[in-house]
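Student: After the sequence you'll find the predicted model.
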Amino acid sequence: MTIAEKEQEILETFSMFEDWMDKYAYLIELGKELPLIDQQYKTNQYLISGCQSRVWLYADLMDGKVIFTADSDAVITKGIVSLLVKALSGHAPDEILKADLGFLEVIGLKEHLSPTRANGLTSMIKQIQLYAKAYQIKMKQ
Amino acid sequence: MNFPVDEIRKDFPILDQKVNGRPLVYFDNAATTQKPMAVINRISEYYLKENSNVHRGVHHLSQLATEAYENARESVRKFINAGSKSEIIFTRGTTESINMLATIVESRVNEGDEILVTAMEHHSNFVPWQQLCLRKRANLKIVPISQQGVLDMDFLKKALNPRVKFLAVTHISNVLGTINPVKEIVKLAHEKGIPVVIDGAQGIVHSKVDVQDIDADFYAFSGHKIYGPMGIGVLYGRESWLNSLPPYQFGGEMVEKVGFDMTTFNHLPYKYEAGTPNVAGALGLEAALHYIDNLGMDKIIEHEDYLLKIATKKLSEIEGMKFVGEAPDKTAALSFLVEGIHPYDLGTLLDQMGVAVRTGHHCADPLMDFYGVPGTVRASFGLYNTEEEVSKLVDAAKKAVQMLR
């Protein structure tokens, strides 16, 4: 599945929910399913700055695809990072960097989150793109 | 309870609104309180009919504004029972009051001296003193608290030594709700000749403050936490102290006579009010204080204590509930955590259900470190909150916990 197809799938799931309590319930479920980061990477080095709850993100390159794993001490935050991981993990750096992540706008997540949490989301996206960029350069070498 | 809370709520139109489709339950009063119509009207009236610069013109409007502003000062004096109007300095708020103090006392603090603060201080009564100590190579000493959130009085007594130049302590903790025995603390400090600065940001709202009875040297508070406007606050200072300390900012009403070589300064309280003051703010604050007086502080305290009691009882039914701050002498602020649940998650879902609480460190990082928690959820009560709202908080908390587990 391409990133765009995955985004579409997430959008369809979200469109089933009538109110934000249901959307939060889904985010919490997603948070619980998040592919957890290996304990050894749950260190300050992999902490994303700019989040009020702690978020660790790790990326590995396997067969030319970036695999993301993450964790957070807050489960809704885990759900949010999980959405990104779901959409972007397992794709080539080029694809990740080209993804427009329009689904976040459609879900209305950014507008709905408190400003501090919205900033946290922006930080997560930046960190994901940084990893993709680094692996893109590494692959060219 | 014969507290007319339904009638009172009509004075606060902002409370009558929906958040995420549900009636707003406002439990973030320790951060700021909502304003009654009396306050809003007073500010409008000032700008509609009286606006003019104070203490300057001889024209009619200027005299009206000056009189109103000075009457507001008198109302503040009465509210805290200060000995003289000269002791009431209008500031922007508690934070500015304390920063101003920590600046003007600078020459009184030397290398090796000590300043005492407590572990439960808001950053506003902590950082200004810490920075003063860093500037002067003085030592900041922290009076610890117990797990319950009670100040260690034995430590305090021993810490009061001749090297201590100031003791800064909060009247009521914004996180724990602990009411500190400020009168006793001042007495102990004064026996050693040490002046006491009291952060009254919460104290002014949830207790009857009598600065002469407390015998405080300084008492700082904000207007916006006591149902008044934002951007106005007070520094009460004992006259003898304020007369002996240097000015803070220069210009405007604080000067007496300016020459090319020197300037003489105005007398109290104007010496500390440089520039055009927040007249509308002072009038709004006065209206708020009258509003409180009309309801009766005793009745307000009784009502808030009742809300605190039932909220504590009902929330404790939630499995894993842990209260941060369980001092026997406690008021109006209830900080809590639920085992295994991050306070941000709980706060987010409560907000989703229309309940406004505060989550985070509450501008008290040292206190969060002491308890070893990333933050807490805090519900803080005001005079317009109801028992029904407490039930909504509890129901919402139960639902959130169920979702998050």
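Tutor: On my side now, so go ahead. Numbers count the residues shown, from 1 in each chain, chains lettered A, B, ... in the order given.
Student: three-state assignment of residue 117?
Tutor: If you meant another chain, say so; for now it's chain A. When the structure is reduced to helix, strand and coil (DSSP: H, G, I helix; E, B strand; the rest coil), residue A:117 reads as helix.
Student: let's do chain B instead
Tutor: strand.
Student: Going by secondary structure, the nearest residue to it once chain neighbours are set aside is in what exactly?
Tutor: Of all residues beyond its chain neighbours, the one nearest residue B:117 is residue B:168 (4.9 Å), with distances taken as C-beta to C-beta, 6 or more residues apart in numbering or on different chains. (C-beta placed from N, C-alpha, C; glycine too.) In this assignment (DSSP states H and E), residue B:168 forms part of strand B:164-170.
Student: other SSEs contacting the helix or strand just after that strand?
Tutor: Next helix or strand after strand B:164-170 toward the C-terminus (DSSP H and E): helix B:182-191. Under the contact criterion of 3 or more C-beta pairs under 8 Å, 6 or more residues apart in numbering or on different chains; DSSP states H and E, helix B:182-191 touches helix B:153-159, strand B:164-170, strand B:196-199, helix B:211-214.
Student: tell me the contacts of the residue nearest to residue B:117?
Tutor: B:98, B:115-118, B:121, B:125, B:129, B:196-199 (C-beta atoms under 8 Å, 6 or more residues apart in numbering or on different chains).
Student: Check it and give its pLDDT.
Tutor: Residue B:168 carries a pLDDT score of 98 in this model.
Student: Quick check: closest non-adjacent residue to the closest residue to chain A within chain B.
Tutor: With distances taken as C-beta to the nearest C-beta, chain B approaches chain A most closely at residue B:342, which sits 3.7 Å away. Using C-beta to C-beta, 6+ apart and skipping residues adjacent in sequence, the residue nearest residue B:342 is residue A:74, 3.7 Å away.
Student: Centre-most residue in chain B?
Tutor: The structure's chain B has its C-alpha centroid closest to residue B:201; by C-alpha atoms, centre = their mean the separation is 0.8 Å.
Student: Give me the pLDDT for that one.
Tutor: As predicted, residue B:201 sits at a pLDDT of 98.
Student: Quickly find the element holding it.
Tutor: Residue B:201 is located outside every helix and strand, with elements delineated by DSSP H and E.
Student: for it, phi and psi?
Tutor: The main-chain torsion angles of residue B:201 are listed as degrees, to the nearest 10 and equal phi -50, psi -40.
Student: Now do the contacts for it.
Tutor: For residue B:201, the contacting residues are B:94, B:122, B:124, B:170, B:174, B:220-222, B:225, taking C-beta under 8 Å, 6+ apart as the criterion.
Student: Now do the helices in chain A.
Tutor: Using DSSP state H, the helices assigned to chain A run over residues A:3-15, A:20-33, A:75-88, A:93-98, A:102-107, A:109-112, A:115-140.
Student: Out of those helices, flag the one nearest residue B:33.
Tutor: Ranking the helices of chain A by their distance to residue B:33 (criterion: C-beta to C-beta) puts helix A:115-140 first, at 22.1 Å.
Student: tally of neighbours for residue 12?
Tutor: If you meant another chain, say so; for now it's chain A. The local packing of residue A:12 (other C-beta atoms under 10 Å in any protein chain shown) involves 9 other residues.
Student: that's the other chain; I wanted chain B
Tutor: Residues contacting residue B:12 under the criterion other C-beta under 10 Å number 20.
Student: for the one 4 residues further on, same thing?
Tutor: Residue B:16 has 10 neighbouring residues, counting by other C-beta under 10 Å.
Student: for it, phi and psi?
Tutor: According to degrees, to the nearest 10, the main-chain angles of residue B:16 amount to phi -90, psi 70.
Student: Report the helix or strand with the lowest average pLDDT across chain A.
Tutor: Taking all helices and strands of chain A together, the one with the lowest average confidence (mean pLDDT, DSSP states H and E) is helix A:109-112, at a mean of 76.
Student: who's in contact with that one?
Tutor: Contacts of helix A:109-112 from elsewhere in the structure, counted by C-beta under 8 Å, 6+ apart, are A:20, A:80, A:83, A:104, A:118, A:121.
Student: what's the offset of that helix from the middle of its chain?
Tutor: A distance of 15 Å separates the C-alpha centroid of helix A:109-112 from that of its chain, computed with C-alpha atoms, centre = their mean, to the nearest Å.
Student: Please identify the buried residues of that helix?
Tutor: Burial within helix A:109-112, assessed by neighbour count using 16 or more other C-beta atoms under 10 Å in any protein chain shown, is assigned to residue A:109.
Student: could I get it in PDB with only the CA atoms?
Tutor: The C-alpha coordinates for helix A:109-112 follow below in PDB (Å, rounded to 0.1, in the frame of the first residue of the first chain):
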ATOM      1  CA  LEU A 109      -6.400  16.800  14.500                       C
ATOM      2  CA  LYS A 110      -4.200  19.900  14.500                       C
ATOM      3  CA  GLU A 111      -7.000  22.300  15.000                       C
ATOM      4  CA  HIS A 112      -8.500  20.200  17.700                       C
END
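Student: all helices for the stretch 301-405 of chain B, in order.
Tutor: Along the stretch 301-405 of chain B, the segments classed as helices by DSSP state H, counting those that start in this stretch run B:343-352, B:365-371, B:387-404.
Student: Can you report how many residues lie near residue B:31?
Tutor: Taking other C-beta under 10 Å as the criterion, the count of residues near residue B:31 is 16.
Student: Number of residues surrounding the nearest residue to it once chain neighbours are set aside?
Tutor: On the basis of C-beta to C-beta, 6+ apart, the spatially nearest residue to residue B:31 that is not a chain neighbour turns out to be residue B:358, at 5.6 Å. Burial of residue B:358 is recorded as 23 neighbouring residues (other C-beta under 10 Å).
Student: could you list every residue that touches residue B:358?
Tutor: For residue B:358, the contact set (C-beta under 8 Å, 6+ apart) comprises B:28, B:30-31, B:347, B:377-378, B:380.
Student: Where does chain A get nearest to chain B, residue-wise?
Tutor: Nearest residue of chain A to chain B (C-beta to the nearest C-beta) works out as residue A:74 at 3.7 Å.
Student: how about the residues of chain B near chain A?
Tutor: Taking C-beta under 8 Å from any C-beta of the partner chain as the criterion, chain B approaches chain A at residues B:20-21, B:341-342, B:344-345, B:348-349, B:351-353, B:360, B:374, B:403-404.
Student: tell me which residues in stretch B:303-323 are buried?
Tutor: Neighbour-count burial for stretch B:303-323 flags B:303-304, B:307-308, B:311-312, B:314-315, B:318, B:321, B:323 (criterion: 16+ other C-beta under 10 Å).
Student: Adding distance to residue B:137 as columns, could you present the residues you listed in TSV?
Tutor: Shown next, in TSV, are those (distance: C-beta to C-beta, whole Å):
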residue	distance to residue B:137
B:303	48
B:304	43
B:307	47
B:308	43
B:311	46
B:312	44
B:314	51
B:315	46
B:318	49
B:321	45
B:323	40
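Student: Chain B contacts on chain A?
Tutor: If contact is defined as C-beta under 8 Å from any C-beta, the residues of chain A in contact with chain B are A:19-21, A:24-25, A:28, A:52-54, A:73-77, A:114, A:117.
Student: Report the beta-bridge partners for residue B:116.
Tutor: Per DSSP bridges, residues listed as beta-bridge partners of residue B:116: residue B:141, residue B:167.
Student: residues touching it, list them.
Tutor: For residue B:116, the contacting residues are B:141-143, B:156, B:159-160, B:164, B:166-169, B:194, taking C-beta under 8 Å, 6+ apart as the criterion.
Student: who's in contact with residue B:55?
Tutor: For residue B:55, the set of contacting residues under the criterion of C-beta under 8 Å, 6+ apart consists of B:66, B:253, B:270.
Student: now do 7 Å
Tutor: Residues counted as contacts of residue B:55 (C-beta atoms under 7 Å, 6 or more residues apart in numbering or on different chains) are B:66, B:253.
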